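*Asks:* coordinates only, sequence not included:
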């Protein structure tokens, strides 16, 4: 997807008003950030209050840049078996391919799904298909800018132990689902490692982000998603445009990103993942990227990584204190 929303362009224009000034990061903890004219980010009032206890992350450090051929990166997930390895996918226009990158941006390998022509693959989630099971890669073909799809799909296969030696999976599941209220556009796929369930967060322009629960995803039949809530954010705010997300390996931390913010929710492991969104989020450090759509949490939740669509975009790592 190469179209930039007019509102995003307006924000970017403000951030670039001072030539040669690199955009600053948000404070390490505090309320949900917004972009000011100098490119720095501070508090805004889209949310009613700021949580009293927020995890503290340092500002992002560039670890490398995206390699050639990765100009449409929309999905990002950290490997659960190979340290400092990222799985990434391009969105609309690419084949059903998952790319392995190290934090320096070096292409390590790629996995192609034979016979698959995705509509608009937008996100990746890595984790077990059932609690305690072996890790799987979930490629989320969930984008629908025109809101005209009959169903969305997720392609699921075992995460390879050697990313450099894998070119295609031995087998993969094709999971299909529909929305109960008609088509939605979405760019965020979340995997709950405590249940194996999937969650989709929508990105419909002019509407607050809705959260849908995909229970017990299997390849046996087309599932109907369950709408379980919506994020309490102004429908026409940039923070209503959720472009990616991830969950810690222990299931207790959830992050979502927008074009301008990174948000954290702490989840009670005794409750469904979507209940975390009933509380106000923590605003975490972020950098104004040209079209930021990708975010990945490390399995332990001790850092998160972001990058943007665009040629040779920086890979930014934000360590937890």
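*Replies:* Structure received. Please read all numbers here as calculations on a predicted model, not as lab measurements. Numbering: from 1, shown residues only.

*Asks:* and the nearest residue to residue 256 once chain neighbours are set aside, helix, strand or coil?
*Replies:* Excluding the flanking residues, the one nearest residue 256 by CB to CB, 6 or more residues apart in numbering is residue 245, at 4.3 Å. Any C-beta I mention is one placed from the backbone N, CA and C, and that applies to glycine too. Reducing the assignment at residue 245 to three states with DSSP: H, G, I helix; E, B strand; the rest coil gives strand.

*Asks:* Could you pull up the residues touching the residue nearest the centre of the chain?
*Replies:* By CA atoms, centre = their mean, the chain has its centre lying nearest to residue 244, at 2.2 Å. By CB atoms under 8 Å, 6 or more residues apart in numbering, the contact list for residue 244 reads 74-76, 123, 187-188, 256-257, 293-295.

*Asks:* Could you dump these into a markdown table with secondary structure added?
*Replies:* Formatted as a markdown table, the contacts of residue 244 follow (three-state DSSP):
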| residue | secondary structure |
| --- | --- |
| 74 | strand |
| 75 | strand |
| 76 | strand |
| 123 | strand |
| 187 | strand |
| 188 | strand |
| 256 | strand |
| 257 | strand |
| 293 | strand |
| 294 | strand |
| 295 | strand |
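
*Asks:* Now, of those, which are buried?
*Replies:* 74-76, 123, 187-188, 256-257, 293-295 (16 or more other CB atoms under 10 Å).

*Asks:* Go through these and say which is closest to residue 161.
*Replies:* Taking CB to CB as the measure, residue 161 sits nearest to residue 76 out of those, at 20.1 Å.

*Asks:* hang on, isn't the closest one packed against residue 296?
*Replies:* Yes. In terms of CB atoms under 8 Å, residue 76 counts as a neighbour of residue 296; the distance is 4.2 Å.

*Asks:* Overlap in contacts, these two.
*Replies:* 86, 305-306.

*Asks:* one step back: so which of the contacts of residue 244 comes closest to residue 53?
*Replies:* residue 256 (18.4 Å).

*Asks:* Quick check: pLDDT value at residue 53.
*Replies:* You'll see residue 53 listed with a pLDDT of 81.

*Asks:* so how many other residues sit close to it?
*Replies:* Residue 53 has 7 neighbours, counted by other CB atoms under 10 Å.

*Asks:* if you skip the residues just before and after it, what's nearest to it?
*Replies:* residue 266 (7.7 Å).

*Asks:* Pop out the phi and psi values for that neighbour.
*Replies:* Here is the backbone geometry of residue 266 (degrees, to the nearest 10): phi -90, psi 130.

*Asks:* Which stretches in the stretch 1-150 of the chain count as strands?
*Replies:* Taking DSSP state E, counting those that start in this stretch, the strands of the stretch 1-150 of the chain run over residues 33-35, 41-43, 61-65, 73-78, 85-90, 97-102, 107-112, 123-128, 135-141.

*Asks:* Next, the angle from the longest one to strand 107-112.
*Replies:* Between the axes of strand 135-141 and strand 107-112, defined by axes from the mean of the first three to the mean of the last three CA atoms, to 10 degrees, the angle is 70 degrees.
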